[in-house]
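K.L.:
Below: sequence and its predicted model.
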Number of protein chains: 2
Amino acid sequence: MNIVPAPRPPGRPRSAAVDTAIIETVLRLLEGGASMGELSMERIAREAGVGKATVYRRWPGKEALMLDVMRSLDEPGPAPAGVSLRDDLVTVVEFIRRRALAKRNSAILRAVVGHVQDHPDLWQEYHDTVIQGRRETLLTVLRQGMERGEIRADQDVELIADLFVGPMLARAVLHEWRELPEGLTERIVDTVLEGVRLPG
Amino acid sequence: MNIVPAPRPPGRPRSAAVDTAIIETVLRLLEGGASMGELSMERIAREAGVGKATVYRRWPGKEALMLDVMRSLDEPGPAPAGVSLRDDLVTVVEFIRRRALAKRNSAILRAVVGHVQDHPDLWQEYHDTVIQGRRETLLTVLRQGMERGEIRADQDVELIADLFVGPMLARAVLHEWRELPEGLTERIVDTVLEGVRLPG
DNA sequence: CCGTTTCGATACGGACCCGTCTCGTATCGA
DNA sequence: TCGATACGAGACGGGTCCGTATCGAAACGG
């Protein structure tokens, strides 16, 4: 099996604190309203109180650094209890609301969305790291509901998923100044479940 | 009343063709995947085949130029027939779908969304020019439906509006690679109207 | 024809950034 | 103690961009 015992290389080891300091600085700058294009490696190093070479020693360029910034956002998603469909949906959508409320996350979402075109793999990483897992959870919840006959199965599950997350995302991305008040999640979930039409 | 007969100023008049050529160039570049931060006045002038001074003679800076680019997108919104609530909703949402399909519009939406933080008035202009009118139309349709007792009035009309536009926007902005197929509008409208829950 | 302004082109100084490299110092294993 | 590497700081050449200024040519009114 050629097990390599991970021989510590000679010399002074790299400081893990520096890694996190750099990534944290990028997050702070994005949070403060900077767009990705405005972040220069030079400025990142300066604001992190770090030599430029120290940054380039770790990442070959801005794109690679940003990928690690994305990865640092990974966070365990919610685990729906699986008891009530309605409660599971609330759990998932409420998670989105809380994430969007964190300035950090929505700032980065906007930063990434604004650069989808130029850096496709950046979006891919964000998608895989931040979005995909949650969406899978939601799809699972919906499929369970379909199998139990609690929700209609005559529509694409992806479409139904968008019905639940779309409103919250639209508010977060498009009307970011608008509030995402407590209780919004429940209102969205219940209204989508019950429908808007009156049985008149 | 001191009516000034708009005396033509002396000298060579400005070419209107140059105005549109510059704005069109910006749109073309955005459409081609450039983000706002990557558009330099220098590059815009170069690609438009125009002297830099010619650009600065018209706009004091990039922000002002972008504002006029936004304004050039103004387009009469749909006029719902007012006969059927369902058809009116389809009209409004379908208009969003068609706009999002036009690469030009969604590229600019992303470009603007990505720079909300740094240029708030840019977003304001986009909001007023492109979004506001359509949303008013939608809110009017919904209020009509409420008065007629066709849809529930126990929820905020703004929330209900987001239920209809959110899914389409989420697809356009977040999953821009995903298709917005013909018929998607009707499926969204009908499903939101009827609800997702089965009357089991 | 003449004064005025716009046109494309381009030069200018100043600013920032890129990625590499070199300092002197610090921190590790041997 | 010694070799190796990382550290902050910053110099370096080469690039782009900013906003202004200056060309000669062109397009207008008088």
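P.N.:
All right, it came through fine. Numbering: from 1, shown residues only, chains lettered A, B, ... in the order given.
K.L.:
Relative to B:Glu75, how far out is the closest residue to A:Leu193 other than its chain neighbours?
P.N.:
Nearest non-adjacent residue to A:Leu193, counting by C-beta to C-beta, 6 or more residues apart in numbering or on different chains: B:Arg197, 4.4 Å away. C-beta here means a position set from N, CA and C on the backbone, and glycine is covered the same way. B:Arg197 sits 37 Å away from B:Glu75, taking C-beta to C-beta, to the nearest Å as the criterion.
K.L.:
Flag every residue of chain A that's near DNA strand D.
P.N.:
Residues of chain A lying near DNA strand D by C-beta under 7 Å from any atom of the strand: A:9-15, A:18, A:49-54, A:57-58.
K.L.:
Make a PyMOL selection of the buried ones in the residues you listed.
P.N.:
A single PyMOL command selects the buried members of the residues of chain A next to DNA strand D (16 or more other C-beta atoms under 10 Å in any protein chain shown):
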select buried, chain A and resi 18+50+54+58
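K.L.:
how about the residues of chain A next to DNA strand D, which pair is most distant?
P.N.:
The two members of these with the most space between them (C-beta to C-beta) are A:Pro10 and A:Gly49, at 26.8 Å.
K.L.:
got the contact list for stretch A:135-154?
P.N.:
Contacting residues not belonging to stretch A:135-154 are listed as A:77-80, A:82, A:85, A:88-89, A:92, A:157-158, A:160-161, A:164-165, A:193, B:191, B:196-198, B:200 [C-beta atoms under 8 Å, 6 or more residues apart in numbering or on different chains].
K.L.:
buried stuff in that stretch?
P.N.:
A:135, A:137-138, A:141-142, A:145-146, A:150-152.
K.L.:
now stretch A:60-74
P.N.:
A:62, A:65-67, A:69-70, A:73.
K.L.:
near DNA strand C, which of the residues you listed show up?
P.N.:
Contacts with DNA strand C within the buried residues of stretch A:60-74, as defined by C-beta under 7 Å from any atom of the strand: A:Lys62.
K.L.:
Let's have the buried residues of stretch A:60-74 in CSV, adding secondary structure, pLDDT and distance to chain B.
P.N.:
Conversion of the buried residues of stretch A:60-74 to CSV gives the following (DSSP: H, G, I helix; E, B strand; the rest coil; pLDDT from 0 to 100; distance: C-beta to the nearest C-beta, whole Å):
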residue, secondary structure, pLDDT, distance to chain B
A:Lys62, helix, 95, 13
A:Leu65, helix, 97, 17
A:Met66, helix, 95, 14
A:Leu67, helix, 94, 18
A:Val69, helix, 95, 16
A:Met70, helix, 92, 15
A:Leu73, coil, 88, 16
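K.L.:
among the buried residues of stretch A:60-74, which two are most distant?
P.N.:
The widest separation within these, taken as C-beta to C-beta, falls between A:Lys62 and A:Leu73 and amounts to 17.0 Å.
K.L.:
Please name every helix or strand in contact with the helix or strand harbouring A:Val18.
P.N.:
A:Val18 belongs to helix A:16-31 when assigned by DSSP states H and E. Contacts defined by 3 or more C-beta pairs under 8 Å, 6 or more residues apart in numbering or on different chains; DSSP states H and E place helix A:16-31 against helix A:41-48, helix A:52-58, helix A:62-71, helix A:103-113.
K.L.:
Could you check how far A:Ser40 is from A:Glu147?
P.N.:
Using C-beta to C-beta, A:Ser40 is found at 52 Å from A:Glu147.
K.L.:
no, scratch that, I was asking about A:Leu27
P.N.:
40 Å.
K.L.:
which regions of chain A lie under the pLDDT threshold?
P.N.:
A:1-6, A:176-177, A:200 (pLDDT under 70).
K.L.:
Would you point out which residue is most central in chain A?
P.N.:
When C-alpha atoms, centre = their mean is applied to chain A, the residue found nearest the centroid is A:Val130 (3.3 Å).
K.L.:
and that one, which of the three is it?
P.N.:
helix (DSSP: H, G, I helix; E, B strand; the rest coil).
K.L.:
Distance-wise, check the nearest residue to A:Ser40 once chain neighbours are set aside relative to A:Pro181.
P.N.:
Using C-beta to C-beta, 6+ apart and skipping residues adjacent in sequence, the residue nearest A:Ser40 is A:Lys62, 7.9 Å away. Counting by C-beta to C-beta, the separation of A:Lys62 from A:Pro181 is 37 Å.
K.L.:
per-domain residue ranges of chain A.
P.N.:
Chain A resolves into domains spanning A:16-71, A:85-194 when parsed by automatic domain parsing.
K.L.:
Leaving out chain neighbours, which residue sits closest to the one residue in chain A that gets nearest to chain B?
P.N.:
With C-beta to the nearest C-beta, the shortest gap between chain A and chain B falls at A:Gly114, namely 1.5 Å. With sequence-adjacent residues excluded and distances taken as C-beta to C-beta, 6+ apart, A:Gly114 is closest to B:Gly114, at 1.5 Å.
K.L.:
Neighbours of the one you found, how many?
P.N.:
With neighbours defined by other C-beta atoms under 10 Å in any protein chain shown, the count for B:Gly114 comes to 24.
K.L.:
can I assume it is in contact with B:Ser35?
P.N.:
Yes: when contacts are counted by C-beta atoms under 8 Å, B:Gly114 is listed as touching B:Ser35 (6.1 Å).
K.L.:
can you list residues touching both of these two?
P.N.:
Common neighbours of B:Gly114 and B:Ser35, counting by C-beta under 8 Å, 6+ apart, are A:35, A:114-115.
K.L.:
Give the buried residues for the helix or strand harbouring A:Met168.
P.N.:
Secondary structure from DSSP H and E places A:Met168 in helix A:157-169. By neighbour count with 16+ other C-beta under 10 Å, helix A:157-169 contains the buried residues A:157, A:160-169.
K.L.:
Now distance to A:Ala100 too, for the residues you listed, in TSV please.
P.N.:
Formatted as TSV, the buried residues of helix A:157-169 follow (distance: C-beta to C-beta, whole Å):
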residue	distance to A:Ala100
A:Val157	23
A:Ile160	21
A:Ala161	17
A:Asp162	16
A:Leu163	17
A:Phe164	14
A:Val165	11
A:Gly166	13
A:Pro167	12
A:Met168	7
A:Leu169	8
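K.L.:
which of those lies closest to DNA strand D?
P.N.:
Closest approach between the buried residues of helix A:157-169 and DNA strand D, by C-beta to the nearest atom of the strand: A:Leu169, at 31.8 Å.
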